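Enquirer: Below is the sequence, then the predicted model.
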Amino acid sequence: MPSLKDVKSRKDTVSSIRKITKAMELVATSKIKTAKRNYEKVLSYSSRIEDVFHNIDIKIKNWNDIIKLDPSKPRAFIVITSDIGMCGAYNSNIIKLARKNITENDYLFIIGTKGSKFLKKNFNPEKIILSFEEVGEEPNYEVIDKIVDKLFPMLLHNEIRSIHILETEFINSITYNANDKKIFPFSRRKREELSKNNQVSKNAEFEPNVETVIKKALPLYLGAIIYSTMTSSKISEISSRRMAMENASDNALDIINDLEKQYNKIRQSKITQEITEIVAGAQNE
């Protein structure tokens with residue numbers, strides 16, 4: 001049986017840990033409202049950008065006349081993870097998706113310290129085009145610009161056949177899913193959806209020509225979608241951390257209660273033993 005000192009020491013340790021997890025839970029909770037507002041604004045903008053480009057996509061008869069996509073070429077993946085841990089399965093879900101979907105021939109653009117450390121160890125370093133660590137709390141325009149500056153020429157020069165983002169899509173405060181989101185070439189399903197709902201713009205005109213407009217505008221589209229997915233992933237990270245810290249705080253409280261019972265039981269046992277010894281000593285006299 002452990003001593004009173006050992007039980008009390010463990011209880012104090014768990015109590016200290018609970019203070020930390022509770023503080024982290026409160027910090028995450030305070031950040032969620034701001035992150036949600038930012039996400040809603042960004043989502044509205046990126047959805048509009050997507051609709052515009054999907055409308056353009058419908059107007060283009062043959063993309064190979066503008067950007068050649070060779071099916072034999074590798075793909076490009078932008079992988080979004082967090083800089084720090086303690087956010088439940090947020091990072092592990094993205095890493096599982098990376099293991100499943102990314103091949104040794106694909107190119108990588110990594111955002112986040114956790115993803116960078118893992119992917120550099122487990123994938124071909126020569127295929128890692130850019131890697132960003134300590135990105136910070138907010139989606140970083142400088143990071144996005146650097147990715148687009150590298151990614152778009154690869155697309156133009158027929159070095160890749162498609163662009164994907166491994167992101168954590170925010171559904172609500174308790175639901176977020178790790179996704180492989182293909183952002184180029186455009187989704188055939190989206191094209192059919194727009195056509196079916198009569199949301200295709202009939203007045204689209206290209207000046208001076210389609211090729212020039214597309215080549216000038218595609219970097220804007222890529223930047224907007226990357227920014228949107230980074231924002232979605234960030235609010236998912238915060239929500240996941242809040243839930244993980246809440247669960248940790250609750251578990252710590254359960255342990256503290258169990259240790260309190262154990263402490264009282266040992267204490268009562270010692271008191272009973274002392275009383276028994278006193279009574280036995282008195283009887284011997």
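Expert: Yep, that arrived.

Enquirer: For this protein, spot the helix or strand the model is least confident about on average.
Expert: Considering only helices and strands, the least confidently modelled element of the chain by mean pLDDT, DSSP states H and E is helix 188-196, at a mean of 56.

Enquirer: Quick check: next helix or strand after that one?
Expert: helix 210-284 (DSSP states H and E).

Enquirer: Show me what that next one is packed against.
Expert: helix 4-59, strand 76-80, helix 90-101, helix 141-156, strand 163-172, strand 175-184 (3 or more CB pairs under 8 Å, 6 or more residues apart in numbering; DSSP states H and E). For glycine as for every other residue, the C-beta is placed from the backbone atoms N, C-alpha and C.

Enquirer: State the mean pLDDT of it.
Expert: Mean pLDDT, helix 210-284: 86.

Enquirer: between it and helix 4-59, how many degrees?
Expert: Between the axes of helix 210-284 and helix 4-59, defined by axes from the mean of the first three to the mean of the last three CA atoms, to 10 degrees, the angle is 170 degrees.

Enquirer: Relative to the whole chain's centre, how far out is helix 210-284?
Expert: Remark: helix 210-284 is offset 18 Å from the chain centroid, using CA atoms, centre = their mean, to the nearest Å.

Enquirer: Low-confidence bits of the stretch 1-150 of the chain, can you list those?
Expert: 1 (pLDDT under 70).

Enquirer: What is the neighbour count of Val14?
Expert: For Val14, the tally of surrounding residues (other CB atoms under 10 Å) stands at 18.

Enquirer: Nearest spatial neighbour of Ile147, chain-adjacent residues omitted?
Expert: Of all residues not flanking Ile147 in the chain, Phe109 sits nearest, at 5.2 Å (CB to CB, 6 or more residues apart in numbering).

Enquirer: Touching the helix or strand where that neighbour lies from outside, list them.
Expert: According to DSSP H and E, Phe109 maps onto strand 107-111. Defining contact as CB atoms under 8 Å, 6 or more residues apart in numbering, one finds that strand 107-111 is touched by 74-81, 102, 116, 119-120, 123, 127-132, 135, 143, 147, 150-151, 154, 159-160, 230.

Enquirer: And those, which of them are buried?
Expert: 74-81, 102, 116, 119, 123, 127-132, 135, 143, 147, 151, 154, 160, 230 (16 or more other CB atoms under 10 Å).

Enquirer: Among the helices and strands packed on helix 210-284, which comes closest to Asn251?
Expert: helix 4-59 (8.8 Å; CB to CB).

Enquirer: Measure how far the closest one is from the centre of its chain, please.
Expert: 10 Å.

Enquirer: Give the other helices and strands that it contacts.
Expert: Going by 3+ CB pairs under 8 Å, 6+ apart, helix 4-59 lies up against helix 188-196, helix 210-284.

Enquirer: rerun at 10 Å
Expert: On a contact count with 3 or more CB pairs under 10 Å, 6 or more residues apart in numbering; DSSP states H and E, helix 4-59 meets strand 163-172, strand 175-184, helix 188-196, helix 210-284.

Enquirer: do you know how far the residue nearest to Met24 when sequence neighbours are not counted is from Leu26?
Expert: Leaving out its chain neighbours, the residue that sits closest to Met24 by CB to CB, 6+ apart is Met245, at 4.5 Å. From Met245 over to Leu26 the distance is 9 Å, taken as CB to CB, to the nearest Å.

Enquirer: go on, Asn38?
Expert: Distance, Asn38 to Leu26, by CB to CB: 20 Å.

Enquirer: before we move on, what about Gly112?
Expert: 24 Å.

Enquirer: now do Ser236
Expert: For Ser236 relative to Leu26 (CB to CB), the value is 19 Å.

Enquirer: neighbours around Ser9, how many?
Expert: That count, for Ser9 with other CB under 10 Å as the rule, works out to 13.
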